[in-house]
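S.K.: I need the structure of the sequence given here:
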Amino acid sequence: MIVLAIQELNDQIAAVVIGFVIGFVIGFVIGFVIGFVVGFVVGFVVGFVVGFVGAEVVSVVVAEMVSVAAAVETGCGCLIYQVIVGHLWISFAFEFVYPWKDHAMIQSSD
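M.R.: This next block holds a predicted model:
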């Protein structure tokens, strides 16, 4: 009688342990798979969206910086061009259009 009770108790304990192990393994595997899939999908989607938005923001910022730099460069280039061309035109005017200035200076110094 006692032996049967101990054996029945051992069977119940073994059933509980085996059930716990099997349940734990199955639950862990299912939870891990679901968590991995959900985490991967969510991470991929969030990463893609953030990366896409970040790329758009960066491209807009870079484009703005490049356009500002191009505008500054163009403005400086135009200013330098105007100064050079204006200087050349003034030099051309004084050297070729008004050649009498040297003669006037020479005559006045005599």
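
S.K.: which helix or strand in the protein has the lowest average pLDDT?
M.R.: helix 100-109 (a mean of 55; mean pLDDT, DSSP states H and E).

S.K.: any idea of the mean pLDDT for whichever strand or helix holds residue 41?
M.R.: Using DSSP states H and E, residue 41 maps to helix 2-92. Averaged across helix 2-92, the pLDDT comes to 76.

S.K.: how distant is it from the center of its chain?
M.R.: 12 Å (CA atoms, centre = their mean, to the nearest Å).

S.K.: neighbours of residue 58, how many?
M.R.: For residue 58, the count of nearby residues is 10 (other CB atoms under 10 Å). Placement of C-beta: from N, CA and C, glycine included.

S.K.: residues in contact with it?
M.R.: Contacts here follow CB atoms under 8 Å, 6 or more residues apart in numbering; on that basis residue 58 touches nothing.

S.K.: state the distance from it to residue 13.
M.R.: Separation of residue 58 from residue 13 (CB to CB, to the nearest Å) stands at 63 Å.

S.K.: what does residue 42 give?
M.R.: Distance of residue 42 to residue 13, given as CB to CB: 41 Å.

S.K.: do you know how far residue 45 is from residue 37?
M.R.: 12 Å.

S.K.: cool, thanks, talk later.
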